[in-house]
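> Structural data only, the sequence is not supplied:
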């Protein structure tokens, strides 16, 4: 449970990687492998791909491929909602969402 939900567990590490502007799956897996090298529940075989790791669950070992974990876990506002808010007649909403839209575009560049 500590490995999954602990202070620097897998879920926290995934959330942190999603906050990084250029967060990616191999960096997420590298982070959990380096932070939990002493964990008896994390399976680290030398032949893993950069996005693979394993966990020894109560019922047995399970392999995971973290491809697209970061993208699927990132909270993104739907494009049409962002576009609508940027055209709002409410000056405060329009200004804030236009600023947010620019920061998202900068982060993706």
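Nice, thanks for sending it over. Because the structure is predicted, anything quoted here is derived from the model rather than measured. Numbers count the residues shown, from 1 in each chain.

> so where is this protein shaky, pLDDT-wise?
Applying pLDDT under 70 to the chain flags residues 1-2, 5, 47, 104-109.

> which residues of it fall in strands?
All strands of the chain, identified by DSSP state E, fall at 42-43, 52-57, 60-65.

> how distant is the second one from the center of its chain?
Read that as strand 52-57. Chain-centre distance of strand 52-57: 18 Å, with C-alpha atoms, centre = their mean, to the nearest Å.

> Okay, now the sheet partners of that strand, with direction.
Strand 52-57 pairs in its sheet with strand 42-43 (antiparallel), strand 60-65 (antiparallel), by DSSP bridges.

> For it, which residues meet the burial criterion?
Residues of strand 52-57 classed as buried by neighbour count (16 or more other C-beta atoms under 10 Å): 52-53, 55. Yep, even glycine has a C-beta here, placed from its N, CA and C like the rest.

> now the strands of the chain as a markdown table including distance to residue 29?
A markdown table is the format used below for the strands of the chain (distance: least, C-beta to C-beta, whole Å):
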| stretch | distance to residue 29 |
| --- | --- |
| strand 42-43 | 11 |
| strand 52-57 | 5 |
| strand 60-65 | 9 |
